[in-house]
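**Q** heads up, no residue letters with this:
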């Protein structure tokens, strides 16, 4: 496979002393459990000031005048800066990716300059000694707006009569793309049955427990900028801050310590964050911006909000022949920088129906601008929609044909021996296990018993629903995801690992920790590859001054890509250590291994401890031959080369009960079987699945950013925006199938998004399974009690 | 989201509190448990110049049972109501409502009087007070006055409290023998404000309902009694038909307001479903 | 404290230590703990009393510290996660949380530990449903709650086992 093959051969992940595959606890969890985390808002720097923003109260308005004299004289106020003034020090940014052909978005500035284009867009920055004083003053800033007609409805966005959001464009179109395998029409025509539906997915958002926060500290003396950022991609932010503020990139340092949840919310370029950096540059002192919850709802990216028309053709026996979808989404007034707001739609086009073996597929995607907060990538980008659409259509066809949904899936899922496989949308699958996962899921659920219970209960007027979903998940993205489109977002990741003078191991990695357990699994991998105790491995993340250049943690890439870099670096360090051992023990490296932190002759338990070896190398080099130089620090990098993405797959099941008088849906239990390749830490993978599923439940049943006809977000509080809470959540049963990817030695695929991707489809199918005997069906998410009552015809 | 500037006063007696309220008139707000007022301050939708913190006024706290009624002091915390043996025994309706009131940490701080004086239309306790025919005791510069619950709730976050007045307690008549109560609430998530709630109290002897007071909350701008509904059931043996006929009368009693997640029609439907369930409870 | 004041002098006990400060009346208890006393283990997630991240104990009972002003804590005993960690009062819960991975990002955890400790004091042997209901005012975006329920249930069972 590569130059490390020989050392790699010594790897045995199944060995009793391997940490890979074991549910070890997270060393950093203890610190967090004692409240000893350090989140951005916990950091206080000398001379630090706070910024708060006047935000547009209108969805679309011209800024006519700004008067801030009175506000500037208020207690604690340090400086008041308008969007136009910020624009003088920040280069605008354009959120397009060139490989999403034809995508367009105009230059964007951190704060609105002449026109505000969504309610909540920052307009004026108020810097003061405390956040409270900044808020006092921003109430006194007077902004005259001339309200403009707003384009809000994606369905109408391209209508010539709609207000145009950007004068430089002829319409509100951002991006459109079509995928076509060529034979959809013929297949539909020849089919025994074509089912059609239009599905709606509500706009929702990430609601990270810790709101976004940034602390920018510009030092005029050495022209350096240190940014404490709660984010997932420090090097990306480094590049953005440097390029937008015209700073030397190597003098910009991004530090991401503890991050209170991210889920894709914190990997984007937010104007209020860039403005905080610009203000630090202008003032020459540290500026903190910590969003409050109201600002979070108004300005954290939103996601989903898709309308999908779908048609599925099947033959008499239920074999799927062709699938067609038309996706429409409105993404706000700009495409978000630098990842673009076209990716969710693009994913839907790429992924819908991906688990199934139909040959014909056509998909059209349309992304439009609108005067609402921007949408962009949030956990499981596109997957919940792609999966829910296909799973819904599969169930619709099965119901029409009288085929059990489980049977329908077994019949149509790509067989496990069919790989490598290319989907009709052009996705290449290396090795998936849909059939095995579905079989395992049905066994775990005791599916047949559930069906029998369901039938018995229906006789008593109890409406239970059972829903299934099969899914694929994009993980371990290659440069084909962002890099190819011109975005400065690393697809590769690196690890620098060293044996310190005291015999301990320090591994620095470009991937980041937001609680998933990144640091833990990296320590597991390093300890396993090096043959040392995990407790002697320290992992460093989240500091551009200290870790190799990397992408960070997103798109379920940390374990698969960052983990492989750690593995390769560890193997390289091991080889170097063995060479040193060979010199000291006067033998050949091939005779040696590292076991329990000691360099030993293979088969022997006695040997040279790494502490002793390090002592000799670092302090007693005089004992080594003059022509031998130990190298106890190595760096290795890894990127996915053979595939655009390394897909994972799995299946989910949902059991719920519907109160048909109130429309309330009670989740009773959920199941998830995930194949993320080599499982490094089963417990952590389980918890990714559970947490992910609950976010999927949020989108399916509860969460919705509700706008009125003037583009006002009506539920921008945690009392009104319904996130899933403990009392309503079910227990979730998880299991694994392991098909390690051969694109790496480690064999790990990502696991972070499968739960969120698969849950909405399983839930909607379960709801419709419960409603089917009543002749009712829901096609919109979130599935509120009112939606159920409407479907049942109980209210209009 | 920081509260605006205000001046803080913590009177040591009810008299001092009243003097402060009188002095600062509409510039002052009473700070009781603060579980609704403080969020409003933090959001800056309320900006009183003076906050009169009544939390140290122990005279306003506590539950007292007399021969004729249960007196709940305005400063009695939700958690005290929840744990009170007296409430469980004499006001089972209130006891049944308590687990629906927000969450433990909020119940530790939130007060009975604060909830009633705020008059959130979706709150549980005002509806209980209305169903049980409680009388609010209000103190002012000129002394105390008593306001029946039916006259106390005036609209959306509006009560009969006048500027300078302080809610000090409510007196709940002890339920008559043979009377029962039942409580029901629909909320998307445990502890949320109700989409629709029903607090019912009345005589349910021998399967016959009479003297019913059924208070709905979360449907209008204030808790409201369903008079037509109760009248339709008065003295009738509760049968499926009589209950259905009574539920139909709710069209006349209720004019629900749509909220973020439900139209008026949905609310009315839910109110009927819930009322039917609560009646069933009442009869068992 | 009869005359209304914009600045208030307060004396209170925080984690067993006596603290005296002069604070703006509008400073809420969460910000007082975090900014004034540098007890940053108490987190601020919504500032309107919904998320539960700022839950602390005042005079033995859990409260939302964002819904109380520091001025109101005058004369009170306040306990934060730092104090309960130092005193080892919640050590068992913390260990169970680590063992079951009942925390990921850790931002909600101090508040949830406060609630869990209060629950087990009032109801030493809660059912899973009771645990879920009690925690219904504590938002966690990472875990999906199950591991949290597992951890609290495990501690309850361990304590029950010992008391037999």
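**A** Nice, thanks for sending it over. Remember, predicted model here, so these are calculated numbers, not experimental data. Numbers count the residues shown, from 1 in each chain, chains lettered A, B, ... in the order given.
**Q** is it fair to say residue B:163 lies in a helix?
**A** No: according to DSSP: H, G, I helix; E, B strand; the rest coil, residue B:163 belongs to no helix; its state is coil.
**Q** give the burial count for it, as a bare number.
**A** Number of residues near residue B:163 (other C-beta atoms under 10 Å in any protein chain shown) recorded here: 12. Where C-beta positions appear, they are placed from N, C-alpha and C, glycine not excepted.
**Q** residues contacting it?
**A** B:21, B:25, B:26 (C-beta atoms under 8 Å, 6 or more residues apart in numbering or on different chains).
**Q** so it versus chain C, what's the distance?
**A** 16 Å (C-beta to the nearest C-beta, to the nearest Å).
**Q** what residue in the stretch 251-400 of chain A comes nearest to chain B?
**A** The minimum distance from the stretch 251-400 of chain A to chain B, using C-beta to the nearest C-beta, falls at residue A:292 (3.8 Å).
**Q** how about the closest residue to that residue other than its chain neighbours, what does it touch?
**A** Leaving aside its sequence neighbours, residue A:292 sits nearest to residue B:1 (C-beta to C-beta, 6 or more residues apart in numbering or on different chains; 3.8 Å). Contacts for residue B:1 (C-beta under 8 Å, 6+ apart) come out as A:135, A:292, A:293, A:294, B:42, B:43, B:44, C:47, C:48.
**Q** whichever strand or helix holds residue A:564: which residues count as buried?
**A** Using DSSP states H and E, residue A:564 falls within helix A:563-585. For helix A:563-585, a neighbour-count test (16 or more other C-beta atoms under 10 Å in any protein chain shown) marks A:563-585 as buried.
**Q** report the central residue of chain A.
**A** residue A:379 (3.6 Å; C-alpha atoms, centre = their mean).
**Q** how close does it get to chain C?
**A** Counting by C-beta to the nearest C-beta - residue A:379 and chain C are separated by 10 Å.
**Q** related to what we said a few turns ago, what pLDDT does the residue nearest to residue A:292 get?
**A** At residue B:1, the model reports a pLDDT of 92.
**Q** how near is it to residue A:716?
**A** Distance, residue B:1 to residue A:716, by C-beta to C-beta, to the nearest Å: 11 Å.
**Q** between the two, what contacts are shared?
**A** By C-beta under 8 Å, 6+ apart, the residues touching both residue B:1 and residue A:716 are residue A:294.
**Q** quick one: name the residues of the stretch 151-284 of chain B near chain A.
**A** B:186, B:188-193, B:195, B:260-263, B:265-266, B:269-270, B:273-274 (C-beta under 8 Å from any C-beta of the partner chain).
**Q** return the subset of these lying in helices.
**A** B:265, B:266, B:269, B:270, B:273, B:274 (DSSP state H).
**Q** show me chain C divided up by domain.
**A** Domain assignment of chain C by automatic domain parsing yields the ranges C:7-84, C:90-163.
**Q** give me the distance from the first one to the chain's centre.
**A** Right, the one you point to is domain C:7-84. 10 Å (C-alpha atoms, centre = their mean, to the nearest Å).
**Q** what about it, near chain B?
**A** Yes: using C-beta under 8 Å from any C-beta, a contact is recorded between domain C:7-84 and chain B, made by C:8, C:24-26, C:28, C:31, C:47-49, C:52, C:55, C:61-64, C:66-69, C:71-72, C:74.
**Q** isn't residue A:690 right up against residue C:143?
**A** Yes: under the criterion of C-beta atoms under 8 Å, residue A:690 is in contact with residue C:143, at a separation of 6.6 Å.
**Q** who's more crowded, the two?
**A** residue C:143 (29 against 25).
**Q** could you pull out the helices for the stretch 101-250 of chain B?
**A** B:104-107, B:112-118, B:124-131, B:149-152, B:227-233, B:240-253 (DSSP state H, counting those that start in this stretch).
**Q** closest one to residue A:61 among the ones you listed?
**A** helix B:112-118 (34.0 Å; C-beta to C-beta).
**Q** which residues touch the closest one?
**A** Against helix B:112-118 from outside (C-beta under 8 Å, 6+ apart): B:30, B:32-37, B:60, B:72-78, B:81, B:101, B:123-126, B:129, B:136, B:152, B:157, B:159, B:161, B:167-170.
**Q** now stretch A:709-719
**A** A:58-60, A:118-120, A:150, A:152, A:207, A:293-294, A:297-298, A:371-373, A:704-708, A:720-721, B:39, B:43, B:192-193, B:260, C:46, C:48, C:50-51, C:139.
**Q** ditto for stretch C:145-158
**A** A:687, A:690, A:694, A:725-726, A:729, A:731-732, C:92-93, C:96-97, C:99-103, C:112, C:116, C:119-120, C:124-126, C:128, C:131-132, C:135, C:140.
**Q** of those residues, which are in range of chain B?
**A** A:725, C:119.
**Q** skip the chain neighbours and tell me the closest residue to whichever residue of the stretch 51-200 of chain B sits closest to chain A.
**A** Closest residue of the stretch 51-200 of chain B to chain A, C-beta to the nearest C-beta: residue B:190 (3.7 Å). Leaving aside its chain neighbours, residue B:190 sits nearest to residue A:727 (3.7 Å; criterion: C-beta to C-beta, 6+ apart).
**Q** just checking, that neighbour is part of a helix?
**A** Yes: counting by three-state DSSP, residue A:727 is found in a helix.
**Q** quick check: it vs residue B:191, distance?
**A** Counting by C-beta to C-beta, the gap from residue A:727 to residue B:191 is 8 Å.
**Q** what do these two both touch?
**A** Common neighbours of residue A:727 and residue B:191 (C-beta under 8 Å, 6+ apart) are residue C:136.
**Q** these two touch, right, residue A:193 and residue A:400?
**A** Yes: using C-beta under 8 Å, residue A:193 is in contact with residue A:400, at 5.8 Å.
**Q** closest residue of chain C to chain B?
**A** residue C:137 (2.5 Å).
**Q** which non-adjacent residue is nearest that residue?
**A** Nearest to residue C:137 is residue B:103, by C-beta to C-beta, 6+ apart, at 2.5 Å.
**Q** ditto for residue C:79
**A** Nearest to residue C:79 is residue C:57, by C-beta to C-beta, 6+ apart, at 4.1 Å.
**Q** strand partners of the host helix or strand of the one you found, parallel vs antiparallel please.
**A** Assignment of secondary structure by DSSP H and E places residue C:57 within strand C:55-58. Take DSSP bridges as the rule and strand C:55-58 pairs in its sheet with strand C:61-64 (antiparallel), strand C:77-79 (antiparallel).
**Q** with mean neighbour count, distance to residue A:13 and mean pLDDT added, can I get the ones you listed in a markdown table?
**A** As requested, those are exported to a markdown table (neighbours: other C-beta atoms under 10 Å in any protein chain shown; distance: least, C-beta to C-beta, whole Å; pLDDT from 0 to 100):
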| stretch | mean neighbour count | distance to residue A:13 | mean pLDDT |
| --- | --- | --- | --- |
| strand C:61-64 | 27 | 44 | 98 |
| strand C:77-79 | 21 | 45 | 98 |
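**Q** fine by me, we can end here.
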